[in-house]
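In: this one's sequence-less:
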């Protein structure tokens, strides 16, 4: 049985974490999807408040895992881009992100890795970072 | 163009790393598959020598990424079991492994995470570790 | 052994159903692919005539299942868009389609659901419907 | 922003729904995974309380969608079995479940459908139902 | 518009081809699934009669493609086993089958290839063949 | 244990093969990704030198398998386009490529096949070939 917590507290913790990981001024999912799928948008906030913000694994590693999970799924380019930015904000370096994607090429195949690295190049350029820096 | 290195050197480096990450006395892939698919077995050694052993990302994070990539793919229970053991040998804790699998549930769905946690329970028991310890 | 039926009858039944589910005047797959992959285009007609038109499950539920199957696969945005329109024509409401996509987020992960909801928003706008209406 | 609700209320609603959809006396996920991944087990309860129990789509259709989503993912036989039972408890007939799986064969391929139908046969036998009945 | 053909002719052609590719005396899908999902079983016969038996690509290549498609999907071990046997009956050698699976490791990852090669070893043993022979 | 070969030799063999399969003057992956993911780019060259160039399976069949593996994965349109061109350069006909994609529709579903055939149409036009020619 989970600790008793008001849903509002989980939501606020999730929102604060997602704001921290998002570009300044970015629209947040529960706003973007409020018109059409509010329960789905709220799921994102809940996931950040109940899972991504958990102790036991540092946020940098969580975001590297999220980037590689999305790259493995394929067809999630928008989410790969967002979470590469989030990984940078969580303290991962561009080199670590590229190494993580190179690592998954062994297990999920080279195309999934190349597609995600292509997304990474654009995000790195926006952030003014590069694996060599 | 890659640095010039004899394939034998890459193979030996990969073999040493894979031995370090394997249970004592475990059959190694290039032995297991030598009778039927030697090029595929050698690919594993090459991948460990040319990618998994690279600098730029610590081995503990590489193995956590490998575990979550395999869990995301699904249908790779044998590999999930091996790499959960490898993650432990690379310095990840049982708690970190469970948190990594919980993290991917948001992005790859709860069933993929539950299936991998079920594998983790067995591997943890063999290693005498638990997330709560 | 299947009931004896002329392939032409199955094709005509499939064509009639697909026309009913398509936007007025839309190109049909066996026309679109006649120049390059006629057997594949005819497979679509056959599938609609032999499977989608079967009794035992109502067409609205069939189309909701088709939308969620395509959303789960990922990388099928054109087909998701077509079948969201088809689901509306089969009697599903915009709200039901969004709820179906929200439901799959638990099992296939939130990104697959968000990507399909983004497609749904466009299709709903073309049809002048919304989940709130 | 979600309606304010205590997490305990969502959990209790999710638990009640999952008990209703489970075989009598079945172990529930937050009990089964309490020793190793309690946050993941609680995610299941939260998903049932916040998503599966939502209005806007009937429970029978939600379970048919869950079965087909799991069948499409592949490698989720345990979950397919559970949710075929849940679909029956939610009011779907064996015939509807088979038709739903036959429908997805067009979009996700015949093997995914055959694998799930093989699971369905066992579940139907346990429940004393059949598509022909 | 497809050439006019009685469904029975397509079915008979598909059945003859599938019998040719199956082990002697094997149960055929439309028999195995006649009790529970006859439309799905008949889909297999129709696919063999309308697609697998088409001219334009030799049967050996078709079966190698089927084996690698199933290996790429993952979670289709029973079908991988059947189609490795079918590839042998269609004239592929054990060496070609292993090379095909090694080829896909580059694109779908090494685990998918290793899992299929493990299945291949058993099938080769039943047929008394090996890649080295 | 692999035959001793200098990595440079494998790389050169892979490069020569990839140049042969690429459009005249095309950027090669280890150049395209040299700035951001050189190890990943080199993996492509290594894969072509150590696997794609192996004896035991003809290059035309290897490329047909690569096209269908990529089509099955989904979300790899750029790679599907490249390898359809490579298949043509390896001696496959447009008709064989379309038949290969039609074949996979049975096992991976019709949408994956239709998406790849749509890519094929563009590549065929660039090459001035068609399945009917």
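Out: Happy to help now that I have it. All of these numbers come straight from a predicted model, not from anything done at the bench.

In: per-residue pLDDT, residue A:133?
Out: pLDDT recorded at residue A:133 is 49.

In: also residue A:14?
Out: 95.

In: go ahead and confirm it touches residue A:46.
Out: Yes - the pair residue A:14 / residue A:46 is scored as a contact, 6.1 Å apart, by CB atoms under 8 Å. Where you see a C-beta, it was placed from the backbone N, CA and C, and this is true even at glycine.

In: the longest helix along chain A and chain F in contact?
Out: Longest helix in chain A, counting residues (DSSP state H): helix A:110-127. Yes - Helix A:110-127 reaches chain F (CB under 8 Å from any CB of the partner chain) through A:110, A:111, A:112, A:113, A:114, A:115, A:117, A:120, A:121, A:124.

In: out of those residues, which touch chain C?
Out: Applying CB under 8 Å from any CB to these, none is adjacent to chain C.

In: contact partners for residue A:63?
Out: Contact analysis of residue A:63 by CB atoms under 8 Å, 6 or more residues apart in numbering or on different chains lists A:21, A:83, A:86, A:87, A:90, A:92.

In: can you rerun that using 7 Å?
Out: A:83, A:86, A:87, A:90, A:92 (CB atoms under 7 Å, 6 or more residues apart in numbering or on different chains).

In: what stretches of chain A score poorly on pLDDT?
Out: Applying pLDDT under 70 to chain A flags the ranges A:1-4, A:133.

In: so for chain A, the centremost residue is which one?
Out: residue A:83 (2.9 Å; CA atoms, centre = their mean).

In: quick one: residues contacting that residue.
Out: Residue A:83 neighbours (CB under 7 Å, 6+ apart): A:63, A:66, A:67, A:70.

In: biggest separation within those residues, which pair?
Out: By the measure CB to CB, these have their two most distant members at A:63 and A:70, which lie 10.5 Å apart.

In: from chain C, how far off is residue A:128?
Out: 27 Å (CB to the nearest CB, to the nearest Å).

In: tell me, how many residues neighbour that residue?
Out: Residues lying near residue A:128 (other CB atoms under 10 Å in any protein chain shown) number 8.

In: same thing with residue A:124?
Out: The burial count for residue A:124: 22, using other CB under 10 Å.

In: helix, strand or coil for whichever residue of chain A sits closest to chain C?
Out: Per CB to the nearest CB, residue A:75 is where chain A lies closest to chain C, at 3.6 Å. Put simply, residue A:75 is coil when judged by DSSP: H, G, I helix; E, B strand; the rest coil.

In: and residue A:130, by the same measure?
Out: Per three-state DSSP, residue A:130 ends up coil.

In: wait, it sits on residue A:97?
Out: No - judged on CB atoms under 7 Å, residue A:130 makes no contact with residue A:97 at a distance of 10.8 Å.

In: what about the helices in chain A?
Out: Under DSSP H, chain A gives helices at A:7-21, A:29-32, A:38-47, A:59-73, A:77-89, A:94-108, A:110-127.

In: returning to that earlier point: what angle sits between the longest helix of chain A and helix B:59-73?
Out: 120 degrees (axes from the mean of the first three to the mean of the last three CA atoms, to 10 degrees).

In: check which residues of helix A:110-127 are buried.
Out: A:110-121, A:123-124 (16 or more other CB atoms under 10 Å in any protein chain shown).

In: quick check, nearest of those to residue A:53?
Out: residue A:123 (22.8 Å).

In: which one is that closest one nearest to, not counting chain neighbours?
Out: The shortest distance from residue A:123 to any residue other than its chain neighbours is 4.4 Å, reached at residue A:84 (CB to CB, 6 or more residues apart in numbering or on different chains).

In: and chain A, which residues reach chain C?
Out: Residues of chain A lying close to chain C by CB under 7 Å from any CB of the partner chain are A:33, A:36-37, A:39-40, A:43-44, A:47, A:70, A:73-76, A:79.

In: ok, these vs chain B, which is closest?
Out: Using CB to the nearest CB, the residues of chain A next to chain C come closest to chain B at residue A:47, 4.4 Å.
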